[in-house]
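**Student:** Predicted model and sequence below, questions to follow.
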Amino acid sequence: MKTHLPIRLLTATFALLLCTSLSAGEPARSVPAHAIPTSYGSGWDCEYGYARADDTCVEIAVPKHAYLDPSGRSWHCDRGYAKRDAACLAVKIPANAYLHTSSGDGWRCERGFREVDSTCVAIRVPTNAHVSESSFDAGWECDRGYSSTTDGCVAVIVPAHGYLTKQGDHWKCDRGYAKAAANCVAVVVPANGFLNEYGNDWSCERGHRQGVAACAAVTVPQNAHIDYGGDSWQCNRGYHNVGAECVGDLKADRSRE
């Protein structure tokens with residue numbers, strides 16, 4: 001507690017100045033030892049390193065390997081120690097491990113090792129694999145171009161007109177080709193058709209309706225137009241559908257008389 005002597009001197013001086021500034025008619029405050037009056041009302045607060053206990057201030061017992069926090073009302077263990085009841089016990093770090101929290105009260109296994117029963121055991125990395133950053137899986141990942149199995153990594157066989165995905169453990173077909181079993185076959189686009197957004201199928205141009213392997217032109221009757229979807233038609237304003245024709249509304253017919 002010697003390191004906080006200047007703070008005690010300041011708080012004691014403040015208390016003395018505050019007490020001497022009271023008017024003669026003002027009742028004296030009842031302030032216990034190691035406390036200072038508040039700047040308002042008739043209350044008081046304990047000095048740094050002391051805690052309130054009923055109407056007194058008792059010194060905070062800081063255990064070995066600990067320190068008071070900035071507020072002076074509680075304590076924390078030094079880095080490398082963990083709080084256990086009212087003491088700070090050294091963190092037991094197993095082989096191939098290190099302190100990992102900012103407070104230093106826990107540990108984590110080094111890269112290439114994983115925790116098993118409070119110890120760190122080496123991760124068995126299969127051929128064509130590498131140690132992963134995640135601590136929630138097997139601890140290893142297959143190299144690019146390989147796919148994981150139960151206990152190893154097998155090469156990804158990419159067919160003609162195919163390519164490895166971003167992750168590198170699967171494949172997709174080039175644009176203009178579609179997946180068929182383990183191959184990539186060319187997409188046959190019929191007349192009045194086009195490749196879709198993904199390039200693995202086709203759609204018909206506006207004004208055409210998609211069939212099994214062709215795009216058939218939409219027959220639009222008089223007084224009609226291609227609809228929003230582009231593969232059918234609807235009557236113009238003032239006309240209504242009757243079978244395959246667009247007939248004028250009665251109201252529209254009367255207005256033309």
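**Tutor:** Arrived safely.

**Student:** In the stretch 1-150 of the chain, where is pLDDT below threshold?
**Tutor:** 1-29, 135-136 (pLDDT under 70).

**Student:** quick one, helices of it?
**Tutor:** 5-20 (DSSP state H, counting those that start in this stretch).

**Student:** who touches residue 236 in this structure?
**Tutor:** Shown in contact with residue 236 (Cβ atoms under 8 Å, 6 or more residues apart in numbering): 223, 224, 225, 246. Using the backbone N, CA and C atoms, a C-beta is placed for each residue, glycine as well.

**Student:** The closest residue to the first one other than its chain neighbours: which element?
**Tutor:** The shortest distance from residue 223 to any residue that is not its chain neighbour, by Cβ to Cβ, 6 or more residues apart in numbering, is 4.0 Å, and that residue is residue 246. Using DSSP states H and E, residue 246 sits in strand 245-248.

**Student:** isn't residue 205 right up against residue 215?
**Tutor:** Yes - taking Cβ atoms under 8 Å as the definition, residue 205 is a contact partner of residue 215 at 6.7 Å.

**Student:** More neighbours: which of those two?
**Tutor:** residue 215 (21 against 13; other Cβ atoms under 10 Å).

**Student:** Quickly list what that one is bridged to.
**Tutor:** Beta bridges link residue 215 to residue 210, judged by DSSP bridges.

**Student:** can you pull the pLDDT of it?
**Tutor:** Residue 215 is assigned a pLDDT of 96 by the prediction.

**Student:** Just to check, it is in contact with residue 189?
**Tutor:** No - counting by Cβ under 8 Å, residue 215 stays clear of residue 189, with 9.2 Å between them.

**Student:** shared neighbours of the two, anything?
**Tutor:** With Cβ under 8 Å, 6+ apart, residue 215 and residue 189 have no common neighbours.

**Student:** Neighbours of the closest residue to residue 220 other than its chain neighbours, how many?
**Tutor:** Spatial nearest neighbour of residue 220, excluding adjacent residues (Cβ to Cβ, 6+ apart): residue 233 at 4.6 Å. Residue 233 is flanked by 18 other residues according to other Cβ under 10 Å.

**Student:** okay, and for the stretch 151-257 of the chain, where does confidence drop off?
**Tutor:** Applying pLDDT under 70 to the stretch 151-257 of the chain flags the ranges 250-257.

**Student:** Strands of that one, residue ranges please.
**Tutor:** 153-155, 162-164, 171-173, 177-180, 183-186, 193-195, 202-204, 208-210, 215-217, 224-226, 233-235, 239-242, 245-248 (DSSP state E, counting those that start in this stretch).

**Student:** ok, and for the strand holding residue 246, which residues are buried?
**Tutor:** Going by neighbour count (16 or more other Cβ atoms under 10 Å), the buried part of strand 245-248 is 246, 248.
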